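In: Task: produce atomic coordinates for the following.
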Amino acid sequence: MDFLLQGLALLKVISLMPWFEISGNEMNLMRALGLLLMLFFVWRTGLFFEYSIVRVGADSRGKASPGWYAISRIGRYLVWIIGAALGMAYLGFNMTNFAVLGGMIGVGVGFGLQNIISNFVSGIIILIEKIIKVDDFVDLQSGVMGKVTEINLRYTRVTTTDLIDIIVPNSEFISGRVVNWTLGERVRRLHIPFGVAYGVDKNLVKEAAIAAAHRVAGTETSKDRAPDAWLVKFGESSLDFELVVWVGSESISSPGKTQALYLWAIEDELSKRNIEIPFPQRDLHIRSGTLAVSLRKAE
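Out: Here you go, the predicted structure:
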């Protein structure tokens, strides 16, 4: 029993043994353990706060809307910032002096991290205004094209049709041009160009193009969105047509593949009807007098 009491007394002495001082307050093992416990509590509280907000804003599928997601993230960061301030006050830091120093550091860091801050603010705007959503197909001014697979506060992940993940800073969606193919509608109209030889029956070409459109899966065939063929130009070597079709969301996500499928089907239907797809043609006119003079000079 005496040995146990002596051990507890020794443990108390060790835990209270000062390591160093901070603003007149001694730092020891007991204070360090208290700080760790406080930080752990703050960390768990921040996660619980975020989870609770997400649960409140969740829909029937259990997914929170982008606005609620942004609020939950901001709430978690605020809890962590408040917890860090309380931890520093617990260690004995003078928060008034620290606020002045923190303001000076914040100005310097703000200039150095202005891009990160810009992306963070842009992420909040994207999530609240819902200008893009997960599964939207976008075309950015920088040339990036693909499906949005993840939206974070600092960046957005865009997956191309070749399954390449591209990390795009959120500020690019706010400051640059963004074409969102699926923002309001989940269908899109495509123009598939092709040409046929002069002298071919135009109605037969239209029949072939529409038949080709019906062969491709995903083509909209309702009355107001039925496939059609337009004569758009008298080319140098061909009559230039466009197959105009409406396609669903699956075809929108792979425009290159979709156009290839329509061109394949168009070539098949034109071949069935013996409709010629012409090669480029040039007419060469030779003046006999000029040619004779040129030959004599060559001799």
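In: where along this protein do the helices fall?
Out: Ranges of helices in the chain, per DSSP state H, are 2-16, 29-56, 66-91, 95-112, 114-129, 171-175, 202-215, 249-252, 255-272, 288-298.
In: Lowest mean pLDDT across these, which one is that?
Out: Per-segment mean pLDDT for the helices of the chain reaches its minimum on helix 288-298, at a mean of 50.
In: For residue 159, list the residues it contacts.
Out: Neighbouring residues of residue 159 by Cβ atoms under 8 Å, 6 or more residues apart in numbering: 146, 147, 149, 165, 166. From N, CA and C alone the C-beta is placed, and that goes for glycine too.
In: Who does it form a beta bridge with?
Out: Listed beta-bridge partners, residue 159: residue 147, residue 165 (assigned using DSSP bridges).
In: Mind pulling up the pLDDT for it?
Out: Note on residue 159: pLDDT of 91.
In: what about it, distance to residue 168?
Out: Separation of residue 159 from residue 168 (Cβ to Cβ, to the nearest Å): 11 Å.
In: Also residue 145?
Out: 11 Å.
In: and for the two, which residues touch both?
Out: residue 158.
In: so who does residue 209 touch?
Out: 194, 227, 229, 241, 243, 266, 269.
In: Which parts of the protein belong to which domain?
Out: 2-112, 131-180, 188-272 (automatic domain parsing).
In: How far does the last one stretch from one end to the other?
Out: So that's domain 188-272. 29 Å (Cα to Cα, to the nearest Å).
In: now do the second one
Out: For domain 131-180, the first and last residues are 8 Å from each other (Cα to Cα).
In: Can you give the distance from it to the centre of its chain?
Out: Put simply, domain 131-180 sits 2 Å off its chain's centre (Cα atoms, centre = their mean, to the nearest Å).
In: just stretch 188-195 next, same as before
Out: 26 Å.
In: what do you get for stretch 174-193?
Out: With Cα atoms, centre = their mean as the basis, the mean position of stretch 174-193 lies at 14 Å from the chain mean.
In: for it, which positions count as buried?
Out: 174, 178, 180, 181, 182, 187, 188, 190, 192 (16 or more other Cβ atoms under 10 Å).
In: Repeat that for stretch 227-240.
Out: Those would be 227, 229, 238, 239, 240, for stretch 227-240 by 16+ other Cβ under 10 Å.
In: surely the third one meets residue 200?
Out: To tie it back to what came earlier, the one meant is residue 238. No - assessed by Cβ atoms under 8 Å, residue 238 is found out of contact with residue 200, at 9.3 Å.
In: So which of the contacts of residue 159 is surrounded by the most neighbours?
Out: residue 146 (23 neighbours; other Cβ atoms under 10 Å).
In: tell me the contacts of the spatially closest residue to it that is not a sequence neighbour?
Out: Of all residues not flanking residue 146 in the chain, residue 160 sits nearest, at 3.9 Å (Cβ to Cβ, 6 or more residues apart in numbering). By Cβ under 8 Å, 6+ apart, residue 160 lies in contact with 144, 145, 146, 166.
In: Quick check: the second one touching residue 139?
Out: Yes - counting by Cβ under 8 Å, residue 145 sits close enough to residue 139 to count as a contact (4.7 Å).
In: If I look at residue 192, what pLDDT would I see?
Out: Per the predicted model, pLDDT is 93 at residue 192.
In: so what's the closest residue to it other than its chain neighbours up against?
Out: Excluding the flanking residues, the one nearest residue 192 by Cβ to Cβ, 6+ apart is residue 243, at 4.1 Å. Applying Cβ under 8 Å, 6+ apart to residue 243 gives the contacts 191, 192, 194, 209, 210, 212, 213, 227, 228, 229, 262, 266.
In: For residue 243, give the beta-bridge partners.
Out: Assigned bridge partners for residue 243, using DSSP bridges, are residue 192, residue 229.
In: State the number of residues packed around the nearest residue to residue 71 once chain neighbours are set aside.
Out: Leaving aside its sequence neighbours, residue 71 sits nearest to residue 53 (Cβ to Cβ, 6+ apart; 5.8 Å). The tally of other residues near residue 53 (other Cβ under 10 Å) stands at 20.
In: And residue 141, by the same measure?
Out: 12.
In: unless I'm mixing things up, it is touching residue 176, no?
Out: Yes - using Cβ under 8 Å, residue 141 makes contact with residue 176 at a distance of 4.1 Å.
In: so residue 39 touches residue 87, yeah?
Out: Yes - here residue 39 reaches residue 87: they are 5.9 Å apart, a contact under Cβ under 8 Å.
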